[in-house]
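Chemist: how would this look folded up:
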Amino acid sequence: QVQLVESGGGLVQPGGSLRLSCAASGFAMEDYAIGWFRQAPGKEREGVSCISRYGVGFHANSVKGRFTTSRDDSSGTVHLQMNYLKPEDTAVYYCARRSSCTGAPDSWGQGTQVTVSS
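Modeler: Numbering: from 1, shown residues only. I've put the predicted structure just below:
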């Protein structure tokens, strides 16, 4: 079955970096876009980044210039490189399968916690 597993979260100081990974299995990842979303306590889930099946990345204005996304279809892995992290980036981060970066997600990972604090 379709499975998405995030890893790489943790505690980091403001200005630091983290690299999240999303391991996909159970489907042909090369046929799908993969999106990254986050949800902070008391807030709605929001889209952060998306990488199309062609490897084109899209990013929310709040993370543009700080976050990049990449994919390796041969290993079934998508990465979210997060630099210059801010306390407001603290959230649970999820990856999700999408038909395209404008399509709705249809499968979600379990999430990984990112905490930015000194």
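
Chemist: what's the local residue count around residue 52?
Modeler: Neighbour count for residue 52, taken as other C-beta atoms under 10 Å: 18. In short, each C-beta sits where N, CA and C put it, glycine included.

Chemist: what of residue 41?
Modeler: Burial measure for residue 41: 7 neighbouring residues, criterion other C-beta under 10 Å.

Chemist: could I get the pLDDT score of it?
Modeler: Residue 41 is assigned a predicted lDDT (pLDDT) of 91.

Chemist: measure the most centrally placed residue in the chain to residue 96 for me?
Modeler: Against the mean C-alpha coordinate of the chain, by C-alpha atoms, centre = their mean, the closest residue is residue 36 at 2.9 Å. Note on residue 36: its distance to residue 96, by C-beta to C-beta, to the nearest Å, is 8 Å.

Chemist: with residue 43 instead?
Modeler: Spatial separation of residue 43 from residue 96 under the definition C-beta to C-beta is 17 Å.

Chemist: residue 56 too?
Modeler: When distances are taken as C-beta to C-beta, residue 56 and residue 96 turn out to be 17 Å apart.

Chemist: higher neighbour count, the two?
Modeler: Neighbour tally, residue 56 and residue 96, criterion other C-beta under 10 Å: the higher count belongs to residue 96, 21 against 11.

Chemist: let's verify the more buried one: helix, strand, or coil?
Modeler: Residue 96 falls in the strand class when you classify it by DSSP: H, G, I helix; E, B strand; the rest coil.

Chemist: re the thing from before, which ones are touching the residue nearest to the centre of the chain?
Modeler: Residues counted as contacts of residue 36 (C-beta atoms under 8 Å, 6 or more residues apart in numbering) are 20, 22, 47-50, 69, 78, 80, 93-96.

Chemist: closest to residue 30 among these?
Modeler: Within these, the smallest distance to residue 30 is 11.5 Å, found for residue 78 (C-beta to C-beta).

Chemist: if you average pLDDT over the helix or strand that contains the closest one, what comes out?
Modeler: Following DSSP states H and E, the helix or strand that holds residue 78 is strand 77-82. Across strand 77-82, pLDDT averages out at 98.
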